[in-house]
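A.B. asks: Have a look at this prediction, sequence included:
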Amino acid sequence: MIPITSNLLIDESQIQLHFIRSSGPGGQNVNKVSSAVQLRFDAENCPELSKAVRQRLRRLSGRRMTDEGIIIIEASRFRTQGRNRQDALHRLVELIRAAAEPTKPRVKSRPTWTSIQRRLEGKQQRGKVKRLRKVPAYID
């Protein structure tokens, strides 16, 4: 079990790791060794995640989540397979941890007195410009 928060644990069997060839540093070794890691996590079918966490996770993950709800994280920052595996798991945990925190509701604030005055002065200035553009009426 991988701990995410104090009350959220994810089973390791939910995570699939595939090792692929990396395009990063490593010289000729990069053509022989599969050191990059592609992590797949089916967030849509994970029983440990609530519906609200799934929705926030979909919003936070962006392009990393497929239409089927599978999160794909590729890690090739390091030259060793072990460190790339740790990096991918760490990034997944941080993503789920961020989604597990409920967003604070926005508190609507009142405009300040100065901003109201500034807005009204701008409207008066605009009206004055429009009045000056009018053709004056002839008085007989």
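C.D. replies: In hand now; what should we look at? Numbering: from 1, shown residues only.

A.B. asks: Tell me what Met65 is bridged to.
C.D. replies: Ile71 (DSSP bridges).

A.B. asks: Near it, how many residues? Count them for me, please.
C.D. replies: 19 (other CB atoms under 10 Å). Backbone N, C-alpha and C define where each C-beta goes, glycine included.

A.B. asks: which residues touch it?
C.D. replies: Ala43, Leu57, Arg58, Ile71, Ile72 (CB atoms under 8 Å, 6 or more residues apart in numbering).

A.B. asks: Where does pLDDT dip in this protein?
C.D. replies: Counting by pLDDT under 70, the chain shows low-confidence ranges at 3, 6, 9, 11, 22-33, 140.

A.B. asks: Need the residue closest to the centroid of it.
C.D. replies: Nearest to the geometric centre of the chain sits Leu60, at 3.1 Å (CA atoms, centre = their mean).

A.B. asks: So that one: helix, strand or coil?
C.D. replies: helix (DSSP: H, G, I helix; E, B strand; the rest coil).

A.B. asks: Would you agree it is in contact with Ala98?
C.D. replies: Yes - with contact defined as CB atoms under 8 Å, Leu60 and Ala98 form a contacting pair (5.8 Å).

A.B. asks: sorry, back to before: distance check, the residue nearest to the centre of the chain against Glu121.
C.D. replies: Applying CB to CB, to the nearest Å, the value for Leu60 to Glu121 is 42 Å.

A.B. asks: Please apply the same query to Val107.
C.D. replies: From Val107 to Glu121 the distance is 28 Å (CB to CB).

A.B. asks: swap in Arg21?
C.D. replies: For Arg21, the distance to Glu121 - CB to CB - is 64 Å.

A.B. asks: more crowded one of the two?
C.D. replies: Higher neighbour count among Arg21 and Glu121: Arg21, with 14 against 10, using other CB under 10 Å.

A.B. asks: so what's Arg85 up against?
C.D. replies: By CB under 8 Å, 6+ apart, Arg85 lies in contact with Leu17, Val37, Ala75.
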